[in-house]
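Engineer: with the input below, show me the fold.
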Amino acid sequence: MGRRAKNKQGAPQPLEAKLPETAKHGKRKADDEGVSTSRPNKKLKDVSNKSKGQSPSKSKPTVPNGKGRPQKSKDKKVRIQEDEGESTDGWEDVDDEVDLKTQARSLFHESDDEYPTFQGDLNESEGDLAEDDEPLRGPVQVFDFDSDEEEQLVPSKAKKSKQFERPAKIIPTASDASDSDDSDEDEGGEKITMGNMEARSRALDEAAAAEAELDAEELRQAALEADDEDVDMEGEEEVDGEIRLPTTAEREEEKTQGGPDVHTVQQRMRYCVRVLGNFKKRAEQERSRTEYIEQLVQDIASYYGYNEYLAEKLFQLFPVAEAIEFFEANEVPRPVTIRTNTLRTRRRDLAQALINRGVNLEPIGKWTNVGLQVFESSVPIGATPEYLAGHYMLQAASSFLPVIALSPQPNERVLDMASAPGGKTTHIAALLQNTGVVFANDANKARTKSLTANVHRLGCKNVVVCSYDGREFPKVMGGFDRVLLDAPCSGTGVISKDSSVKVNKSERDFTLLSHLQKQLILCAIDSVSPESKTGGYLVYSTCSVTVDENEAVVDYALRKRPNVKLVDTGLSFGREGFTNYRGKVFNSSVSLTRRFYPHVHNMDGFFVAKFKVERRSKSKAVSEEVADIPTMVAEGENAEENFDSDEDRTYIEKAKRRQMKAKGIRPPPRKAPPQVPEKE
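Structural biologist: Numbering: from 1, shown residues only. Next up is the predicted model:
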């Protein structure tokens with residue numbers, strides 16, 4: 001070994017580890033001297049001495065030496081009272097055990113999680129103590145470390161309490177009273193089976209529905225009562241204050257000064273709505289209802305930016321309070337919606353792919369199985385790989401409605417008379433599953449470019465794109481099973497997208513548009529084949545809410561084509577069409593049409609009507625032909641005597657020239673009539 005290893009000093013031994021050995025040596029020495037004692041060495045005093053800061057060298061064993069009493073400890077809680085020669089086999093020092101419990105209580109009182117384990121250990125130790133000393137069983141078994149409700153639920157090894165069972169209902173609910181019968185049956189011991197479970201579930205649903213109806217009725221009554229009280233108070237304060245109906249002179253003065261303040265207009269609109277809601281009670285004296293309506297329409301036009309003609313036309317469609325909601329809804333953009341292309345993918349797979357790209361979406365509703373509503377997106381929704389691959393198309397929710405109403409069947413010939421940019425056309429092709437043929441027509445040739453692009457992107461292989469005037473289409477091609485006419489309109493239902501409609505529409509525009517729509521719907525009816533076995537339907541739709549473009553056009557078609565009738569659209573929601581409007585009475589079947597509003601259905605304003613084209617009866621056809629022929633025969637005279645071929649020839653030529661001009665063909669110059677030589 002090296003010198004360093006030989007002379008290396010060992011590690012010092014810990015003093016605490018040697019302490020018990022000295023005590024044991026002292027005990028053995030005492031035994032060798034003949035001192036008779038069977039008491040074991042108490043280590044508790046050594047621990048107490050260490051806790052007080054005494055050094056190991058000053059600590060002495062407390063074993064008696066037989067010559068006198070043992071030395072008393074400074075800890076008053078632990079006292080040893082023994083005589084010389086007494087036996088200490090029974091561990092009569094019970095105070096030491098109580099001290100241990102006190103220390104355990106101080107250690108484990110703060111932690112509720114460790115408390116159950118500690119209680120179980122003490123139960124085991126209590127069992128041992130109880131076997132040795134029977135009188136200690138009573139007080140030792142009580143471990144009340146402060147009142148804790150969870151103590152009753154803690155399992156113990158010694159004895160399981162009846163309170164350990166968890167109650168059936170921890171938190172009572174309001175429906176406990178209604179379920180008292182069921183709970184009594186459960187307490188009675190009846191087993192729950194599939195049969196009675198269904199019955200109980202049905203009973204609970206009925207009770208919940210009844211409670212919901214009662215709550216809703218109470219809330220409705222309370223709201224009506226509060227509204228009446230509040231409106232009366234506010235109306236009285238504002239009438240007595242600054243807000244009141246201005247006179248004609250004051251209106252002219254406001255116009256000369258540049259118009260009233262926006263805040264004033266808003267308050268005056270609210271005031272007029274309240275007054276018109278209960279005119280007899282809240283109206284000012286010597287003021288008519290017409291004055292309030294005129295003032296409200298003017299304020300709406302100035303506040304929302306409409307011209308007065310359009311504001312009045314839209315205001316007349318709704319009650320007063322609902323009209324304000326309609327104008328307010330036009331200021332809010334509609335939700336972004338997309339249509340799944342079922343030729344490429346499924347809606348579930350598309351939704352999962354877009355969600356993985358950070359798009360927040362959900363299905364539109366139960367009425368469509370291909371629509372998704374997009375709330376927010378971290379990527380451009382119109383430039384994703386799925387969009388470029390043709391898995392979906394950006395399309396308004398209202399554009400789904402006419403195709404759903406048309407309901408095309410596979411292997412049919414379908415015509416879309418105004419198809420650009422192709423949302424409805426591709427939807428029809430998807431429902432046809434690329435069977436049959438779809439003729440996508442649009443009068444504007446420039447718009448057919450976007451139509452063709454969308455058709456190719458979405459993989460529609462049964463679409464034929466053409467550009468004709470819809471009014472000439474029966475002469476170009478006819479015999480279709482189904483025809484969709486999404487007619488050009490004023491766009492009063494999509495004001496949230498195109499705010500220019502507020503100011504650029506006049507009475508002349510509505511007159512011209514309604515005339516065009518009447519021509520188109522008659523041509524669309526003539527394009528439908530009444531002999532179709534699966535179809536024979538026409539769907540007419542507009543993105544307008546005015547009556548002139550919707551119910552009036554439908555009623556005109558019913559009067560001009562007696563072989564058609566209105567049928568149910570198949571749409572589960574939407575308001576019924578008007579059967580009478582401001583003195584105009586329409587066909588009673590017009591109620592089968594459907595209207596959609598932005599403030600009610602959260603979609604663009606829309607109108608949908610569905611026709612069924614039937615065969616013409618012979619009696620009707622003959623009567624119509626006879627009615628069209630002018631009566632040129634005088635009563636009591638022979639027809640051959642009154643027939644003049646020269647005069648009829650001029651009428652026929654005029655009719656031919658008129659037809660050529662209508663087709664855009666320049667007619668030939670008129671020929672001079674042949675001169676007949678006079679007889680000498």
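
Engineer: ok, and what's touching stretch 318-334?
Structural biologist: Stretch 318-334 is contacted from outside by 269, 273, 276-277, 296, 300, 304, 306, 311, 314-315, 317, 396-397, 495-497, 597-599, 602-604, using CB atoms under 8 Å, 6 or more residues apart in numbering. No exception for glycine: its C-beta is placed from N, CA and C like everyone else's.

Engineer: I meant to write stretch 371-386 there.
Structural biologist: 335-340, 345, 347, 350-351, 353-354, 357-365, 387, 392, 394, 397, 400.

Engineer: where do the helices sit along the stretch 201-350 of the chain?
Structural biologist: Using DSSP state H, counting those that start in this stretch, the helices of the stretch 201-350 of the chain run over residues 248-256, 262-277, 279-282, 289-304, 308-315, 320-329, 347-356.

Engineer: for those, which one sits closest to A440?
Structural biologist: If you check each of those against A440 by CB to CB, helix 347-356 wins as the nearest, at 23.9 Å.

Engineer: list the strands paired with the helix or strand just after that closest one, with their directions.
Structural biologist: Using DSSP states H and E, the helix or strand that follows helix 347-356 in sequence is strand 359-363. Counting by DSSP bridges, the strands paired with strand 359-363 are strand 371-377 (antiparallel).

Engineer: rounded mean pLDDT for the partner strand, please.
Structural biologist: Strand 371-377 carries an average pLDDT of 93.

Engineer: quick one: buried residues of it?
Structural biologist: Residues 371-374, 377 are the ones in strand 371-377 that count as buried (16 or more other CB atoms under 10 Å).

Engineer: equivalent analysis for stretch 402-410, please.
Structural biologist: Within stretch 402-410, the residues scored as buried using 16+ other CB under 10 Å are 402-406, 408-409.

Engineer: can you name the residues that contact V613?
Structural biologist: V613 makes contacts with 525, 528-530, 536-538, 563-564, as judged by CB under 8 Å, 6+ apart.

Engineer: nope, G493 is what I was after
Structural biologist: Taking CB under 8 Å, 6+ apart, one finds 398, 542-545, 596, 598, 604-607 in contact with G493.

Engineer: what's the closest of the residues you listed to M660?
Structural biologist: Closest approach between the contacts of G493 and M660, by CB to CB: T542, at 32.6 Å.

Engineer: so what's the closest one closest to, chain neighbours aside?
Structural biologist: In this structure, T542 finds its nearest non-sequential neighbour in C489, 4.1 Å apart by CB to CB, 6 or more residues apart in numbering.

Engineer: three-state assignment of the one you found?
Structural biologist: Counting by DSSP: H, G, I helix; E, B strand; the rest coil, the backbone at C489 sits in coil.

Engineer: wait, it touches C543, no?
Structural biologist: Yes: shown here, C489 and C543 form a contact pair, counting by CB atoms under 8 Å, at 5.8 Å.

Engineer: so how many other residues sit close to D442?
Structural biologist: 23 (other CB atoms under 10 Å).

Engineer: please tell me how far it sits from Y556.
Structural biologist: Using CB to CB, to the nearest Å, one obtains 24 Å as the distance from D442 to Y556.

Engineer: same thing with E284?
Structural biologist: For E284 relative to Y556 (CB to CB), the value is 43 Å.

Engineer: tell me the bridge partners for R413.
Structural biologist: Counting by DSSP bridges, R413 is bridged to V437.

Engineer: got phi/psi on F607?
Structural biologist: phi -140, psi 130 (degrees, to the nearest 10).

Engineer: same deal with M393?
Structural biologist: The phi/psi pair for M393 (degrees, to the nearest 10) is phi -140, psi 140.

Engineer: quick one: contacts for the nearest residue to it once chain neighbours are set aside?
Structural biologist: Leaving aside its sequence neighbours, M393 sits nearest to R339 (CB to CB, 6+ apart; 5.2 Å). Counting by CB under 8 Å, 6+ apart, R339 makes contact with 370-372, 392-393, 395, 400, 423, 427.

Engineer: and R339, what pLDDT?
Structural biologist: At R339, the pLDDT recorded in the model is 95.

Engineer: so what pairs up with it in the strands?
Structural biologist: G371, M393.

Engineer: which strands and helices sit next to the helix or strand where E653 lies?
Structural biologist: Take DSSP H and E as the rule and E653 turns out to sit in helix 645-662. Using 3 or more CB pairs under 8 Å, 6 or more residues apart in numbering; DSSP states H and E as the contact test, no helix or strand touches helix 645-662.
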